[in-house]
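Undergrad: Any chance you could fold what I've pasted below:
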Amino acid sequence: MGKGFGSLHTLTDGERLYIVRRRKKRTQKEAAALYGVSRVTYNRWENGLAPGPTEALTSLFPYERCLINRRRSGSSQGALSNRLKISRNWLNQMENGNIDCKPLIDYWEPKEESAAIF
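TA: Okay, the predicted model is just below:
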């Protein structure tokens, strides 16, 4: 099945920024404006290409852990939805926390050697 990546304790600063931005339902452009930087600079922070501000993040929701696992795996929503035999829209709804993400949790569930963030 799926392959887990990293652990909750090893989230990058960029991943933390990404989660905080998604929780607040902001675009990168909106988040960049709050920090007084360009969208390109903010994008580089989120993608770990440049150091950015650090944010405290105490816990992730299950759907956020699934989202981070997908991003770390390098899978697109289209590729993962094909593997799960669900629509891309359905996967998007799960990753946004709008519907139950149990199929994603099952997919990313850690195996013996895996270091998924569950």
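Undergrad: The protein: helices as residue ranges?
TA: When assigned using DSSP state H, the helices of the chain occupy the ranges 13-23, 28-35, 39-46, 62-73, 77-84, 88-95, 102-108.
Undergrad: Leaving aside the residues adjacent along the chain, what's closest to the residue positioned nearest the centre of the chain?
TA: Residue closest to the average C-alpha location in the chain (Cα atoms, centre = their mean): Ile68, at 2.9 Å. In this structure, Ile68 finds its nearest non-sequential neighbour in Glu15, 5.6 Å apart by Cβ to Cβ, 6 or more residues apart in numbering. Any C-beta I mention is one placed from the backbone N, CA and C, and that applies to glycine too.
Undergrad: Next up, the contacts around the one you found.
TA: Shown in contact with Glu15 (Cβ atoms under 8 Å, 6 or more residues apart in numbering): Glu46, Gly48, Ile68, Arg71.
Undergrad: from those residues, which would you call buried?
TA: Glu46, Ile68, Arg71 (16 or more other Cβ atoms under 10 Å).
Undergrad: pLDDT for those - can I get that in CSV?
TA: Listed next are the buried ones among the contacts of Glu15 as CSV, based on pLDDT from 0 to 100:
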residue, pLDDT
Glu46, 92
Ile68, 86
Arg71, 88
